[in-house]
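> dropping a prediction and its sequence here:
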Amino acid sequence: RPLIRVSLVYGEAWANLMPVSAARWAALGLRASVFMAMDQASLAKCKEFHLLCYPTRISTVLHKYTVTALAAHLGVDVLYVDMDAVPLGPDPLGAILSMVELEDPFHLAVSTHNYDCLNAGVWFARASSS
């Protein structure tokens, strides 16, 4: 199944992590990374390192959901990962996908639970087969 990793990026500090994040996930077998570039610093890193980026005109957490809806419509699964979520272990992608296989779609989500917000740091969405 086609799978992409999506991350939102805003600000120079996070933009500087884009090439490192893309390289780490690629080394783990996930070569399709899409960055939602929400400012000039992140767009500059996209160009500098030839990253796959989607420039946004406004900065909002909702971009992660709109790109997921588009990907699902196209039959592509999405692993959303915040830029500060670091993949650990020998096969984090395999661990995530094995959890997803055992559960319902939209099962895997990691977030803090001390506030009401549409923000979750790691989650997986599977495109339906229909």
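Happy to help now that I have it. Please read all numbers here as calculations on a predicted model, not as lab measurements. Numbers count the residues shown, from 1 in each chain.

> all contacts plus neighbour counts: C-alpha atoms, from now on.
Fine.

> for the residue nearest to L3 when sequence neighbours are not counted, grab the count of nearby residues.
Closest residue to L3 apart from its sequence neighbours, by CA to CA, 6 or more residues apart in numbering: D77 at 4.6 Å. Using other CA atoms under 10 Å, D77 is surrounded by 21 other residues.

> how close does D77 get to A37?
20 Å (CA to CA, to the nearest Å).

> cool, and L93?
Taking CA to CA, one finds L93 at 23 Å from A37.

> more neighbours, these two?
More neighbours surround A37 than the other of L93 and A37, with 27 against 17 (other CA under 10 Å).

> give me phi/psi at the nearest residue to that one once chain neighbours are set aside?
Counting by CA to CA, 6+ apart, A37 lies nearest to P55, which is 4.8 Å off, once chain neighbours are set aside. With angles defined as degrees, to the nearest 10, P55 sits at phi -70, psi 140.

> was I right about P55 contacting K45?
No. Counting by CA atoms under 8 Å, P55 does not reach K45; the two are 11.7 Å apart.

> much appreciated, bye for now.
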